[in-house]
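Student: from the sequence below, what's the structure:
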Amino acid sequence: MINKYIFIDKNLLNKNKLRESWLKKNYPKDYELINDWLIDKNFENVKFSQILFNFINDISSIPKCLQCDNNQRFLGFMEGYNQYCSKKCASKLSYSKGVETRKINTIEKYGVEHTSQLDFVKQKQELTNLKKYGTKSPTQNNIIRNKQKSTMLSKYSVEYSGLNKQLLQKTLDSRKKDYDNLIYSIYKDLDIIKIEKEGQLDIRCNLCNEIYTIMTPLLRLRYLRYKVPPCLICNPLQSYSFNSQIEIADYIKSFDLDIIKNDRTILNGKEIDILIKDLNIGFEYNGVYWHSDKFVNKSYHLDKKILAYSKGINLIHIWEDEWIYKKDIILSRIKNLIHKTQNNIYARNCEIKNIDNELCNDFLEKNHLQGKINSSIKLGLFYNNELVSCMTFGKLRIGLGTKNQEGFFELYRFCNLLDTNVIGGFSKLLKHFEKNYNPKSLITYAKRDWSLKDSVYEKVGFSFEKYTDIGYWYIDKYKKRHHRFNFRKSKLDKASNLTEKEIMEEKGYNLIYDCGNIKYIKNY
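Tutor: Residues are numbered from 1 along each chain as shown. As a prediction, the model looks like this:
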C-alpha cells in the first residue's frame, strides 16, 4: 500500500506534487497498486488527485448528492467530497432545514407553524394594510385587484390562475413534488410509505415494523427536536397540548372575556399560554411528558410563577393529568376564579353533619383536584339534604416533614360542590371544628400551582408560615402523577445501588416538578 504518512503529512500537502507523473516516478510500486485497484472501478474523466483520494480512503464509487442523484462535488485531496453536487442543491437542503427549524420553534412557542396564524399578528397586519391600502387585505383594494386581473389576462387569457386548468395543475404538481422531495430529504432515515396532501405521513416503524400515521408538525417535534422515536404505536406519547389549550381558551371566552393567547411580551420572552389581562390571570397548560425533568429544570414552573407575580399576574398551572382525569373540577375552579359561578348558597342556610368515609371520599373525588384522603374528622355542610361542602382534618403527616403531637392537627381538604359557591362555608366548618375538638395548633397547605397567597386562610385567622420546597412527582404510562412518598427507596429496593429516581426510570416512570406549597398555621 501507499506510504500514507509520507503522502498525507508531507508531500501531498503540496498540491503540485499530486501529479500522476510525479507519483509514478517517485513511488512506482505504489503507482502499480493504484492501477490494479482501478481495474474494476468506474472513474472516467476523474482527476488523478480524486483517484488518489478514493484509493487511500477505499472509496469504490463516487458518493451521490444528498439532494439529487448526481455525483458529489470533489473539493480537493485535503478537503474530500462535498455532500452535494452543486451550490444549488446545498442551498435547497440548507433552506429546507432552516424552514423546518423555524417551524419547530414557532410550534413550541406559539402553537402554530407560522406567526402569521396568531391573532395579534393578524390584527397588526390588518392595521398596517388599513393604513397603506384602506382595506384589511391588499387584495381587497380595487386598484391592486384590477392590476392582478390585467396581468393574468395578458399572460393566460383568464382573470384568475384557478380558471386555467393547465396552469392550476402545473402549480399543484409542482407544489406536491417540492413538498415530497422536502419530506424525503429531511426524514431520509424513516421508511415513508405515503405522503398525504394535508401533511399527513404513513411511516413504517423500524422498531415494531407497524405502519402508523402521523402529522408532520408532531413528527418534527418528536424526531427533529426531541430525538424521540416518532412511532405512535411503540412510543405513543403525544406532544401536543394545543387542543387542550384551545378548549380552555374557548371556555373562558364563552363568558365574554377577552383573552390573549401565547403572549411573550409580559414575561420577558417567556410564554403565557392564556392571559386574561383585565383580571391579571394567566393559565399555563403543562403536558406531563414534555414538562418532565427530561426537558425542563427543577425550578422552571416556579420561576415562571414568580416572574408572573412580579408583573402582577396570578399564573395558574394546569397539569395534563388533571385536565384528562379531573376536567370538570378544573372548569369549575376556572369559573370561580373569574367570578362567573352563579349558583350561590349561604352557609347560614346549611346544616353541619359528620359524614362517613364513603360519602366523604366520593365527594372529594368528584370535587377536589387531589381527591380523597384518609381523615379522622370529616365534616359536611348540607343544603336541602344535599352535601354542598366538605372539610376534613387529621394528624400531622410524616410525609410532609412534620411529627404528630397531641392537640396538633392538619386541615387536609376543603372543597365545595362543582359550580357552587357556599358563601361563609369555610368559616362555618372551621369554627365547628375548633369548638368541638379544641386544637392547640392547626396547619394547612395551599398548592402554589393555583395560589399566590390564598386570602381565605388569612381571613379566618391563619398566618403565612413559609413556602415549602419544590415538590416532585412520578408519571406513569397513563400520564398520571403519583406522589413521591409512595416510591421511597426504602419501599422500592433498599439493597439496590441505584437511586430512587434510577429505579423508577427503570420501571418506566418519569419525574416532574411542581411549584411547591404555601404553609399556613393557626395557633390557639
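Student: report pLDDT for residue 96.
Tutor: Note on residue 96: pLDDT of 55.
Student: just the strands in the stretch 251-400 of the chain please.
Tutor: For the stretch 251-400 of the chain, applying DSSP state E, counting those that start in this stretch gives strands covering 260-267, 270-276, 281-286, 314-319, 343-346, 351-354, 377-383, 386-394.
Student: would you mind writing the CA trace of the longest one as CSV?
Tutor: To tie it back to what came earlier, the one meant is strand 386-394. C-alpha atoms of strand 386-394 as CSV (Å, rounded to 0.1, in the frame of the first residue of the first chain):
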residue,chain,number,x,y,z
GLU,A,386,-77.6,17.7,49.8
LEU,A,387,-73.9,17.7,50.6
VAL,A,388,-72.5,21.0,49.2
SER,A,389,-69.3,21.5,51.1
CYS,A,390,-66.7,19.3,52.8
MET,A,391,-63.8,19.8,55.2
THR,A,392,-61.5,17.1,56.6
PHE,A,393,-58.9,17.0,59.4
GLY,A,394,-56.3,14.6,60.8
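Student: quick check: next helix or strand after it?
Tutor: Sequence order places strand 408-416 as the next helix or strand after strand 386-394, per DSSP states H and E.
Student: what strands line up against that following strand, and which way round?
Tutor: strand 386-394 (antiparallel), strand 441-447 (parallel) (DSSP bridges).
Student: adding mean neighbour count and mean pLDDT, write the strands of the stretch 251-400 of the chain out as CSV.
Tutor: Just so you know, the C-beta spots here come from the backbone N, C-alpha and C atoms, and that holds for glycine as well. Output for these, formatted as CSV (neighbours: other C-beta atoms under 10 Å; pLDDT from 0 to 100):
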stretch, mean neighbour count, mean pLDDT
strand 260-267, 17, 89
strand 270-276, 22, 92
strand 281-286, 23, 94
strand 314-319, 23, 94
strand 343-346, 14, 96
strand 351-354, 14, 96
strand 377-383, 20, 97
strand 386-394, 21, 97
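Student: thinking again about what came up before, and of the strands paired with strand 408-416, who's closest to residue 148?
Tutor: Closest to residue 148 of the strands paired with strand 408-416, according to C-beta to C-beta: strand 441-447, at 57.6 Å.
Student: pull the residues that contact the closest one.
Tutor: Strand 441-447 is contacted from outside by 393, 396, 400, 402, 407-412, 434, 454, 457, 462, 465, 468, 514-515, 517-524, using C-beta atoms under 8 Å, 6 or more residues apart in numbering.
Student: can you check stretch 114-128 too?
Tutor: Counting by C-beta under 8 Å, 6+ apart, 103, 106, 110, 112, 136-137, 260-262 sit against stretch 114-128.
Student: turn the strands of the stretch 251-400 of the chain into CSV, columns for distance to residue 163.
Tutor: Below are the strands of the stretch 251-400 of the chain laid out as CSV (distance: least, C-beta to C-beta, whole Å):
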stretch, distance to residue 163
strand 260-267, 38
strand 270-276, 43
strand 281-286, 45
strand 314-319, 49
strand 343-346, 58
strand 351-354, 76
strand 377-383, 68
strand 386-394, 66
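Student: which of those strands sits closest to residue 90?
Tutor: Taking the strands of the stretch 251-400 of the chain one by one with C-beta to C-beta, strand 260-267 is closest: 33.5 Å.
Student: gap between the spatially most central residue of the chain and residue 115?
Tutor: Closest to where the C-alpha atoms of the chain average out (C-alpha atoms, centre = their mean) is residue 290, at 4.9 Å. Separation of residue 290 from residue 115 (C-beta to C-beta, to the nearest Å): 21 Å.
Student: for residue 231, same thing?
Tutor: In terms of C-beta to C-beta, residue 231 sits 30 Å off from residue 115.
Student: more crowded one of those two?
Tutor: residue 231 (21 against 14; other C-beta atoms under 10 Å).
Student: the more buried one contacts residue 211, doesn't it?
Tutor: No. Using C-beta atoms under 8 Å as the test, residue 231 is too far from residue 211 to be in contact (9.7 Å).
Student: joint contacts of these two?
Tutor: Joint contacts of residue 231 and residue 211 (C-beta under 8 Å, 6+ apart) are 203, 205.
Student: what is the neighbour count of the closest residue to residue 471 other than its chain neighbours?
Tutor: For residue 471, the nearest residue in space outside its immediate sequence neighbours is residue 514; the separation is 4.9 Å by C-beta to C-beta, 6 or more residues apart in numbering. For residue 514, the neighbour count with other C-beta under 10 Å is 20.
Student: can you pull the contacts of residue 514?
Tutor: Residue 514 sits in contact with 301, 317, 447-449, 470-473, where contact means C-beta under 8 Å, 6+ apart.
Student: just the pLDDT for it.
Tutor: So residue 514 comes in at 93 (pLDDT).
Student: not counting sequence-adjacent ones, nearest residue to residue 318?
Tutor: residue 285 (5.3 Å).
Student: just residue 19 next, same as before
Tutor: residue 48 (6.9 Å).
Student: tally of neighbours for the one you found?
Tutor: Neighbour number of residue 48 under other C-beta under 10 Å is 16.
Student: ok, it touching residue 22?
Tutor: No. Using C-beta under 8 Å, residue 48 is not in contact with residue 22; the gap is 9.7 Å.
Student: quickly list what residue 201 is bridged to.
Tutor: With DSSP bridges as the rule, residue 201 is bridged to residue 195, residue 214.
Student: how about it, what does it touch?
Tutor: 183, 187, 192, 194-195, 213-216, 219.
Student: check residue 317 too.
Tutor: 284, 286, 301, 305, 449-450, 514-515.
Student: restricted to helices, list the residues you listed.
Tutor: 301, 305 (DSSP state H).
Student: give the buried residues for stretch 327-345.
Tutor: In terms of neighbour count (16 or more other C-beta atoms under 10 Å), stretch 327-345 has its buried residues at 329-335, 337-338, 341, 345.
Student: which one of these is nearest residue 56?
Tutor: For those, the nearest to residue 56 is residue 330 (66.0 Å; C-beta to C-beta).
Student: give the contact list for the closest one.
Tutor: 318, 322-323, 369 are the contacts of residue 330 under C-beta under 8 Å, 6+ apart.
Student: now swap in residue 341 and tell me
Tutor: Residues near residue 341 by C-beta under 8 Å, 6+ apart: 332, 335, 419-421.
Student: residue 283 against residue 247, yeah?
Tutor: No. Using C-beta under 8 Å, residue 283 is not in contact with residue 247; the gap is 11.3 Å.
Student: from residue 382, how far off is the closest residue to residue 291 other than its chain neighbours?
Tutor: In this structure, residue 291 finds its nearest non-sequential neighbour in residue 512, 6.2 Å apart by C-beta to C-beta, 6+ apart. Residue 512 is 38 Å from residue 382, where distance means C-beta to C-beta.
Student: cool, residue 272 as well?
Tutor: Taking C-beta to C-beta, one finds residue 272 at 40 Å from residue 382.
Student: repeat for residue 359
Tutor: Note on residue 359: its distance to residue 382, by C-beta to C-beta, is 11 Å.
Student: ok, now residue 302?
Tutor: From residue 302 to residue 382 the distance is 39 Å (C-beta to C-beta).
Student: name the element the nearest residue to residue 462 once chain neighbours are set aside belongs to?
Tutor: Of all residues beyond its chain neighbours, the one nearest residue 462 is residue 520 (4.0 Å), with distances taken as C-beta to C-beta, 6+ apart. Using DSSP H and E, residue 520 sits in strand 517-523.
Student: what angle do that strand and strand 441-447 make?
Tutor: 160 degrees (axes from the mean of the first three to the mean of the last three C-alpha atoms, to 10 degrees).
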